[in-house]
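1. only geometry, no sequence info:
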């Protein structure tokens, strides 16, 4: 009897251990420290491409020459676009060299923002908004549908390297919740797009994925055909007449 | 007392006088006679149910008919030198009403890898069982108060 | 005077008529006046004094500034007045609220604020209430404004700090029993005042992967409260930008991101500035608790800076070394060598007098026998064949004793190692850091000649780094390639570059000429060079060119290498002949381990007096054990000419004795008894030779005599300068015996 009790307890503990722990912090894609891997090590050379060198110069020209470090974020963004959506250590080092700061200052920035991916992502990085309005309107179902359709976990890349799913915070499209964003890294930094798909349903999101896979461009913005941008479904119900102009003071009178 | 006698007579009737004598011999009854504690335990044992025996030979009795709080007791295996620390950990809980699981059951929970063998407490019984603090004259290992390592002229 | 009168006078001060009656009743009845002492109003306790006291009494007694807070008014018109808890203080404009509170003597709890680092304002522990401010104010980041009414002990401030503390403790492990910071932990102390006895946090505590910062600093990152003091220290003081704050929110952690050791010579200081147990000393880990330790305030001898340290000992052991505040020398930092060399004091110690027998083996003997043999040999050889060398760690007392003893024996071949041949002991300005260590902060151009301050004197380097950061001072360097932790232009490697600058051909000259306070720092490694006189004369001409030596600013500095050097030159330890070692028959080594003994005649008799079995012991015929700096009272002069004294922290080991006592005893056995029997006696002897050595903790500036120097006819060689210190972690017998230093040089120096 006692052995049974013990076994039961053991199984319980095992169950807890086996459950892949849902990441309590789903902010960024990676750990706060770097682990060397073949495609991500400080020794691999990394440089801005010839086309991007001009853009680096252009970005740097926005800032005073003694505050070059202000350019870290735009440069990291550019490096991320160039490198297929993620930042290896050597790319961060390259940015540090451009803005003439110690590499750790760049690492600090890159780890702070969840938009900088420090592990590999797919060519289409699908970001599901998880903030309250979207969550209430069913963003969890959408993520579930996405993950199920692609057969991956969150922040995992599909086998063909095309898709990965991540979460992000509010993008300000709450009126058209739920929404996803597709960061398209397939065409490098030149053809980089970052499109919102709003008013989506679990069914529609799968369609969008399939369209992307075929190379088509799904229409951006609201996916609800009855809505025009963020206007209400079925046309306006209020404010139908021309708005009254604001009462202006007659400045000439006094 | 009458009840005690009754159970004694009942036991004799059941087992036969020869068996009783044999049991008394095995239980070192004669040694218990001069020791009040052991004799009292022996008398207490009458009517008690042996719940288990551990590997040290301690017998654990239970008699639910007796007064509450005195219904579990141990008869020590060692009749010469006995003390409470001879009860191993697994039986301790049962004996002190902490648990209703007997020691034999609890033995299963004993960790295989790091569960140590039970050792009785030998405090005050010979030098090797007494702890002398590091400054004590009888502490052999702590006599050297040198806190530096001297240079050794090994090389010439 | 009757009680009734007293009571009447007392009643005059009291406004309440009611109380008057009760007072007069109490005092009118002598029988119960002792039993009624419960009256707590001061007038009632001491009626007479209260009667004579002025009516308007100050509520707060005058307060003393806290933690050495100093008020310095650069411009008198910038003084503003603020009120801290109603107490008015006058402070200069630009001070923060926290500093104003410190001046007023109010201690504000803080974690992230450190007076020597930039302000981060991220711990929020220093919240105070400011009148007319809607919310509590983080006092460390808030500038004090005129007339500000700061309240530090109001319920609002207390509640705010309690809230902050609750958040800090949310993710802080309950590690105190196994934490090395326990007992000297800021978080522990402040949670006594502001901590709750329970938390409302029910989630799992955060845990963070520990980082490997090298063999000196142990990290338990889960304990970190993200004050970023270590990050700011590494960036601003140590000058190695390795540490950073990674991640955000609750996932924030201190780290290097990529696997990297902290290769700084000041890395040990992060142990002191860490307010919790996240960064602790690795060698000290689990060795002792800080309340078991006896503190001895002494100074460090591993380099010529003479950092002020506190030796913490337990029983017979030195357990750790931590810095002591001295604004003029080391501020509150010390180098890793100073901090972690202490285990060298416990290893390879000489504890018995020993004599090398005919078989070449050492044999322990009594002091009487050892001294008798030394004296016998010393009396047999010719006086000019007697040579004495003082070691790098010798104190002034033992050096004067050695010199006196050898002089009485008829020899004057005594010197201190590291000073080179024919050292310049006549002009103090020729071997001191003339602008003083803290004075380097005024300089705006540095020219480092043959010195690598980062490894020769890290505290001086920290000053230069501070100056470079604050004033954007330019630094030029002539010497072998080395790494600096500030912007430094490598001008060349040898005397050739020096000549170019002297002749005004070098581009660096323009910077030197434009500078207001140029500073030239010459390494003491040059003293060992054969052509040192010509090099020094070239440097003199550069100084003249750049107007480096002026009545108000002396920027021609010499950075010494060893603790004994300055004092030995002050005491005049200058050898008579240049090559006395080659003809020596009797060599007395007082802790001298770096003396070149190859040219010593094989029949010379070598006495080694010292505390460690290091290099020279193997050549010695007699070994006399002496005490180390942690075990004796000795006077040292640092490189800027400030004399300081060590104090014994632990007893000497074995049969060892103080250096000067051994020589004093030896002189008696040799029949030339020295006239001092105690420390006071030997110090009065020093006062005859170099009185400045006795003015402890006082800097004796050198007089400027640039034109007194004789002209030099020596030819300068083109041989480039060499580095004076090969291995920062192992420079003397103590650090060479230390295991920790060996680990450091294995893991940190190989990485470079």
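-> Okay, I see it. Quantities reported herein were computed from a predicted structural model and do not represent experimental measurements.

2. And the pLDDT at residue C:26?
-> Per-residue pLDDT puts residue C:26 at 41.

3. Could you tell me which residues make contact with whichever residue of chain C sits closest to chain B?
-> Distance from chain B to each residue of chain C (Cβ to the nearest Cβ) is smallest for residue C:613, at 2.8 Å. Bear in mind the C-beta positions are built from the backbone N, C-alpha and C, glycine included. Taking Cβ atoms under 8 Å, 6 or more residues apart in numbering or on different chains, we find residue C:613 in contact with B:151, B:152, B:153, C:348, C:349, C:350.

4. Who wins on neighbours among those residues?
-> When neighbours are taken as other Cβ atoms under 10 Å in any protein chain shown, the top entry among those is residue C:350 (27 neighbours).

5. Residue C:617 is in contact with that residue, correct?
-> Yes: applying Cβ atoms under 8 Å, one finds residue C:350 in contact with residue C:617, separated by 7.3 Å.

6. Pull up the overlap in contacts between the two.
-> In terms of Cβ under 8 Å, 6+ apart, residue C:350 and residue C:617 are both contacted by the residues B:151, C:610, C:623.

7. which residues are contacting stretch B:133-153?
-> So stretch B:133-153 is contacted by B:127, B:130, B:132, C:315-317, C:345-352, C:354, C:361-362, C:612-613, C:617, C:653-654 (Cβ under 8 Å, 6+ apart).

8. Just the buried ones from these?
-> C:317, C:345-352, C:354, C:362, C:612-613, C:617, C:653 (16 or more other Cβ atoms under 10 Å in any protein chain shown).

9. in chain A, which spans are strands?
-> Secondary structure of chain A (DSSP state E): strands at A:124-129, A:163-168, A:179-184, A:193-198, A:221-222.

10. can you redo those as a markdown table with mean pLDDT, distance to residue C:168 and mean neighbour count?
-> Output for those, formatted as a markdown table (pLDDT from 0 to 100; distance: least, Cβ to Cβ, whole Å; neighbours: other Cβ atoms under 10 Å in any protein chain shown):
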| stretch | mean pLDDT | distance to residue C:168 | mean neighbour count |
| --- | --- | --- | --- |
| strand A:124-129 | 93 | 32 | 24 |
| strand A:163-168 | 92 | 29 | 23 |
| strand A:179-184 | 93 | 36 | 22 |
| strand A:193-198 | 93 | 38 | 18 |
| strand A:221-222 | 92 | 45 | 20 |
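
11. Can you tell me which of those is nearest to chain C?
-> That would be strand A:163-168 among these, by Cβ to the nearest Cβ, at 14.1 Å.

12. and the angle for the closest one with strand A:179-184?
-> 130 degrees (axes from the mean of the first three to the mean of the last three Cα atoms, to 10 degrees).

13. related to what we said a few turns ago, if you look at the buried ones among the contacts of stretch B:133-153, which of them are in strands?
-> Those of the buried ones among the contacts of stretch B:133-153 lying in strands (DSSP E): C:317, C:354, C:362.

14. What is the nearest of those to chain A?
-> Distances from chain A to those, taken by Cβ to the nearest Cβ, are shortest for residue C:317, at 37.2 Å.

15. In contact with the closest one: list those residues for me.
-> B:147, C:346, C:650 are the contacts of residue C:317 under Cβ under 8 Å, 6+ apart.

16. What pLDDT is listed against it?
-> 92.

17. got it, and the one 5 residues further on?
-> On pLDDT, residue C:322 comes in at 95.

18. burial count for it?
-> Counted with other Cβ under 10 Å, residue C:322 comes out at 22.

19. residues contacting it?
-> Contacts of residue C:322 (Cβ under 8 Å, 6+ apart): C:272, C:309, C:310, C:312, C:334, C:339.

20. Any chance of CSV for the residues you listed, columns neighbour count?
-> What follows is the contacts of residue C:322, written out as CSV (neighbours: other Cβ atoms under 10 Å in any protein chain shown):
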residue, neighbour count
C:272, 18
C:309, 27
C:310, 17
C:312, 21
C:334, 30
C:339, 28
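
21. Looking at the residues you listed, which are in strands?
-> C:309, C:310, C:312.

22. Please produce TSV containing those, extended by distance to residue A:228 and pLDDT.
-> Output for the ones in strands among the contacts of residue C:322, formatted as TSV (distance: Cβ to Cβ, whole Å; pLDDT from 0 to 100):
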residue	distance to residue A:228	pLDDT
C:309	76	96
C:310	76	96
C:312	76	96
